[in-house]
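Student: Predicted structure and sequence below. I'll ask about it afterward.
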Amino acid sequence: MKPHKYILPIIVISQFFCTSLWFAGNGVMYDLMVNFNLKESALGYLTSSVQFGFIGGTLIFAFLSIADRFSPSKVFFVCALFGALFNVCTILDINTYTSILGFRFLTGFFLAGIYPVGMKIAADYYEKGLGKSLSFLVGALVIGTAFPHLLKDIKGALPWEFVLITTSSLAVIGGLLMLLLVPNGPYRKASTTIDLKAIPSVFKKQNFRSAAFGYFGHMWELYSFWAFVPYLLQTYKNLHAETTYSIPLLSFIIIGSGSIGCIIGGYLANRISVKKVAIFALLSSGICCVISPFLFSVQSEIIFFTFLIFWGMVVIADSPLFSTMVAQNAPSALKGTALTIVNCIGFLLTIFSIQLIDKLRLLTDNPSILVALAIGPFLGLVGLMSKGTSNNLETVS
């Protein structure tokens, strides 16, 4: 059964609207620091609190198999509403550092019912060509992640709260679109009970483990890169006093360029193979980690920005490919659980990498700290190319 043509665009738009909640706090980080007297270390902790919330949410969602037992579109809608609510609560005047951390944690918690559930919905509709479908979906996540930076740049004289109010409003709209226009997919196989053995059972297949370990290495690098893009631009600006550019606008362009990388990766995967394209992207981003410190001494802004845009493309291009391999090498009735638990572990790793880079950033302003991000791609490549792994991980055995 071929899904209606509007299904994928609606899923993509809903994902974009709802995932704009993710970095909404980062988009107004300076304003939060000024208005609530936060320390410089707040960048790492506020970013990590969203990740912690997402991890807590994914653990509960996976343990209870929520995305497999209940209508994923309804789960998506409910989580979009609660995510929007806690996101906008960040603007309350009575907030303290602790309450802001709490609201960002709760926003992340309900994102667990948006990002992986959105992928589950796509997998329920697109059994064939799932890689290309997920490339559009992850591309929407990328634009959603970058969008608060663009809102910050274009808000003009509007107060900083505009960014958080806008992202929450979009999330509500995205949830409604999914609820009203995207029913359960034709390939959905509902699970009716809680299976406590579901999580360990999905890791028994070699191909599944290989895809998951590649994804884990990819995640070590991804969110740290995204979180510190404004810092990279500010560092370059400090080293080259003659430069004049908008950090929020360039942050949006660099992070948002990843959507192009996802789409290109999806098309290439259809022509070559999912695994080969994933290896190329992971290797490319790992190389970017290693050579990035040398780019800060380059006098040409164009070369520096082009490098960051390329890095922004390859750092996320493999994400939908890993999700494809995970989804297609998991038991049909446990796709949602498999995607959720792999997301959970991957995001747990992002906390360690974000905190590591943040601590190093506070100790030294030397760009060589970025080399630590290469640990992820290197170990991910080792896992992805481990002995006994099928060359075509997209095929379910």
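Tutor: Perfect, I can see it now. Numbering: from 1, shown residues only.

Student: Show me which positions of the longest helix seen in the chain end up buried.
Tutor: Ranked by residue count, the top helix of the chain under DSSP state H comes out as helix 206-239. Judged by neighbour count using 16 or more other Cβ atoms under 10 Å, the buried positions of helix 206-239 are 206-233, 235-236. (Glycine included, C-beta is placed from N, CA and C.)

Student: How about stretch 341-357?
Tutor: Counting neighbours by 16+ other Cβ under 10 Å, stretch 341-357 gives 341-351, 353-357 as buried.

Student: circling back: now do the helix or strand following the longest helix of the chain, average pLDDT.
Tutor: Counting by DSSP states H and E, the next helix or strand C-terminal to helix 206-239 is helix 247-256. In this model, helix 247-256 carries a mean pLDDT of 95.

Student: Show me what stretch 363-380 is in contact with.
Tutor: 213-221, 224-225, 232, 235, 238, 282-283, 285-286, 289-290, 292-293, 296, 349, 353, 356-357, 360-361 (Cβ atoms under 8 Å, 6 or more residues apart in numbering).

Student: now it, how far from the chain's geometric center?
Tutor: For stretch 363-380, the distance from its own C-alpha centre to the chain's C-alpha centre is 19 Å (Cα atoms, centre = their mean, to the nearest Å).

Student: Stretch 246-266 too?
Tutor: Worked out by Cα atoms, centre = their mean, stretch 246-266 lies 13 Å from the chain centre.

Student: Okay, now that stretch: how far is its last residue from its first?
Tutor: 31 Å (Cα to Cα, to the nearest Å).

Student: That one: which residues count as buried?
Tutor: 247-248, 250-266.

Student: give me every residue that touches the nearest residue to Ile114 once chain neighbours are set aside.
Tutor: Leaving aside its sequence neighbours, Ile114 sits nearest to Cys18 (Cβ to Cβ, 6 or more residues apart in numbering; 4.6 Å). The contact partners of Cys18, taken as Cβ under 8 Å, 6+ apart, are 76, 80, 83, 111, 114, 118, 144, 170-171, 174-175.

Student: likewise Leu239?
Tutor: Contacts of Leu239 were listed using Cβ under 8 Å, 6+ apart, and they are 296-297.

Student: by contact count, what packs against the helix or strand containing Phe52?
Tutor: For Phe52, the host element (DSSP H and E) is helix 42-63. With contacts defined as 3 or more Cβ pairs under 8 Å, 6 or more residues apart in numbering; DSSP states H and E, helix 42-63 has these neighbours: helix 24-27, helix 29-35, helix 97-111, helix 115-125, helix 198-202, helix 206-239, helix 335-363.

Student: Poorly predicted segments of the stretch 51-200 of the chain, please.
Tutor: For the stretch 51-200 of the chain, the stretches with pLDDT under 70 are 127-132, 185-199.

Student: neighbours around Leu85, how many?
Tutor: 16 (other Cβ atoms under 10 Å).

Student: residue contacts, it?
Tutor: Ser168 are the contacts of Leu85 under Cβ under 8 Å, 6+ apart.

Student: And for the one 4 residues further on?
Tutor: Cys89 makes contact with 95, 103, according to Cβ under 8 Å, 6+ apart.

Student: quick one, phi psi at it?
Tutor: phi -60, psi -20 (degrees, to the nearest 10).

Student: Then the one 5 residues further on?
Tutor: Taking degrees, to the nearest 10, you get phi -80, psi 0 for the backbone angles of Ile94.

Student: and what of Lys155?
Tutor: Dihedral angles for Lys155 - degrees, to the nearest 10 - are phi -70, psi -20.

Student: burial count for the residue nearest to it when sequence neighbours are not counted?
Tutor: Leaving aside its sequence neighbours, Lys155 sits nearest to Phe162 (Cβ to Cβ, 6+ apart; 4.9 Å). Around Phe162 there are 17 other residues, counting by other Cβ under 10 Å.

Student: Next, Phe162: secondary structure please.
Tutor: helix (DSSP: H, G, I helix; E, B strand; the rest coil).

Student: okay but it is in contact with Ile154, surely?
Tutor: No - between Phe162 and Ile154 there is no contact under Cβ atoms under 8 Å: 9.6 Å.

Student: of all the helices and strands packed on helix 42-63, which has the lowest average per-residue confidence?
Tutor: Looking at those, the weakest mean confidence is helix 198-202, a mean of 68.

Student: so who does the residue nearest to Val182 when sequence neighbours are not counted touch?
Tutor: Nearest residue to Val182, sequence neighbours excluded (Cβ to Cβ, 6+ apart): Ser73, at 5.1 Å. Contacts for Ser73 were tallied using Cβ under 8 Å, 6+ apart; they are 121, 178-179, 182-184.

Student: which of the residues you listed are buried?
Tutor: Buried, going by 16+ other Cβ under 10 Å: 121, 178-179, 182, out of those.

Student: Is it possible to get these out as CSV so that each row also shows distance to Leu43?
Tutor: Output for these, formatted as CSV (distance: Cβ to Cβ, whole Å):
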residue, distance to Leu43
Ile121, 33
Met178, 31
Leu179, 34
Val182, 36
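
Student: And the furthest pair within the residues you listed?
Tutor: Ile121 and Leu179 (11.3 Å; Cβ to Cβ).
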